[in-house]
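A.B. asks: I'd like to go over a predicted model; first the sequence, then the structure.
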There are 2 protein chains.
Amino acid sequence: MSRRPGPEWVKRERFVMARKSTAVDPLRLDNQICFAVYSATHAFNRVYKPLLDRLGLTYPQYLVMLVLWERDDVPVKEIGEKLFLDSGTLTPLLKRLEAAHLVRRTRSREDERQVLIALTPQGHALKEKARSVPQSILAASDCSVSELLAMKDEIVALRDRLNAVIGE
Amino acid sequence: MSRRPGPEWVKRERFVMARKSTAVDPLRLDNQICFAVYSATHAFNRVYKPLLDRLGLTYPQYLVMLVLWERDDVPVKEIGEKLFLDSGTLTPLLKRLEAAHLVRRTRSREDERQVLIALTPQGHALKEKARSVPQSILAASDCSVSELLAMKDEIVALRDRLNAVIGE
DNA sequence: GGACATTCAATTGCGAACAATTAAATGTGA
DNA sequence: TCACATTTAATTGTTCGCAATTGAATGTCC
């Protein structure tokens, strides 16, 4: 136990120092959860791409359609709040969805500042074609539903804590 | 216990149906882990923004600098492999870093196809100013290091499974 | 009612992100 | 050596994402 303390101690010290300079270095790429999240977003995007191509949607457009499939005739503002996006992103995106005949954009009669987004019949119909998407993603995740839901809850909690800091 | 089974049964059935049509609906926005990851990425970006503004970097530029601070004189290809980005993204980004005098771009002498990215003295020096960034992010996360590392490992594992599917 | 602030969407400009293509350098096989 | 494929960056075009600004509609206070 206490034999040869010198060399072993030196070895362990080197190991600790090596870890400090690489494995636990807070500036090291592999240690950053934000990069994990960032790169996972892109990985999801690449898996979604071929599935959404068949629907004629990009991923952010798909998110907007998810919102509208839950509730129709929604002001731009509300879509932005649900997706954490602003009008600078949504206005051109919604115009593209309108050009694709999936939504209509109309000024609210009660409040002329608001633009209400409503699904067209084609927009409604697209929901049926979209039903197979989530299970394809689930298969690609190669993970149980319960594991994914648990991860989702953790990530949402982290996101909400981050968003809380933004408002100061 | 067994009294009034009719009304209670009906009520529970309604509850189950309600859950099926909303809480467990796979097309529902709140159930999608991909949206959790997507929105967490944006939340991280918004927290990073003011910190990186002081360094004169965007978040993707910061990622490239993290790579270069670990190892200098790296071909574009290798940066792309580490960050999961292609030349279409990296070429203009690296030109902006070059315009900011943080990196130099030189053709490899052994293989003229490769462009090697090396830090300038200013690029090296910026690492010191960047040291405070991770702990600011940690504080904003309002979470223990061990929890974050555990989440990171889960997300990386998910990302790698997704990326494995891309290659088919 | 009138001056003022607020809200909401649109716009502009910049920086990613990626598909698809191009062009040059390198590798391979006959 | 020559034809051909492969590798590597760069380029082009489209779509996000956001900061900052604009302009119109609404709300508020006196």
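C.D. replies: Received, thanks.
A.B. asks: Quick test: name the residue nearest the centre of chain A.
C.D. replies: In chain A, the residue lying closest to the centroid (CA atoms, centre = their mean) is residue A:41, at 6.0 Å.
A.B. asks: In terms of pLDDT, where does whichever residue of chain A sits closest to DNA strand D sit?
C.D. replies: When distances are taken as CB to the nearest atom of the strand, chain A approaches DNA strand D most closely through residue A:88, which lies 2.7 Å from it. Where you see a C-beta, it was placed from the backbone N, CA and C, and this is true even at glycine. Looking at residue A:88, its pLDDT stands at 97.
A.B. asks: ditto for the one 5 residues further on
C.D. replies: Residue-level confidence at residue A:93 comes out at 98, pLDDT.
A.B. asks: Buried residues in whichever strand or helix holds it, which are they?
C.D. replies: Element membership of residue A:93 [criterion: DSSP states H and E] is helix A:87-99. In terms of neighbour count (16 or more other CB atoms under 10 Å in any protein chain shown), helix A:87-99 has its buried residues at A:90, A:93, A:94, A:97.
A.B. asks: Make a markdown table out of these and add distance to residue B:124.
C.D. replies: Rendered in a markdown table, the data for the buried residues of helix A:87-99 read as follows (distance: CB to CB, whole Å):
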| residue | distance to residue B:124 |
| --- | --- |
| A:90 | 41 |
| A:93 | 41 |
| A:94 | 45 |
| A:97 | 47 |
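A.B. asks: so residue A:148 makes contact with residue A:141?
C.D. replies: Yes: counting by CB atoms under 8 Å, a contact exists between residue A:148 and residue A:141, whose distance comes to 6.1 Å.
A.B. asks: picking up where we left off before, check whether the helix holding residue A:93 contacts DNA strand C.
C.D. replies: Yes: contact check for helix A:87-99 against DNA strand C, using CB under 7 Å from any atom of the strand: residues in range are A:87, A:88, A:90, A:91, A:92, A:94.
A.B. asks: Which members of those define the maximum pairwise distance?
C.D. replies: By the measure CB to CB, A:88 and A:94 form the most distant pair in those, at 11.8 Å.
A.B. asks: rewinding a little: which residues are contacting whichever helix or strand comes after the helix holding residue A:93?
C.D. replies: Elements were assigned by DSSP H and E; along the chain past helix A:87-99, the next helix or strand is strand A:103-107. The contact list for strand A:103-107 (CB atoms under 8 Å, 6 or more residues apart in numbering or on different chains) reads A:68, A:94-95, A:97-98, A:114-120, A:123.
A.B. asks: Adjacent strands (with direction) for the helix or strand just after strand A:103-107?
C.D. replies: Beyond strand A:103-107 on the C-terminal side, the first helix or strand identified by DSSP H and E is strand A:115-119. Based on DSSP bridges, the strands next to strand A:115-119 in the sheet, each with its direction, are strand A:74-75 (antiparallel), strand A:103-107 (antiparallel).
A.B. asks: which one of those is the most hemmed in?
C.D. replies: When neighbours are counted by mean count of other CB atoms under 10 Å in any protein chain shown, the highest per-stretch mean among these falls to strand A:74-75, a mean of 18.
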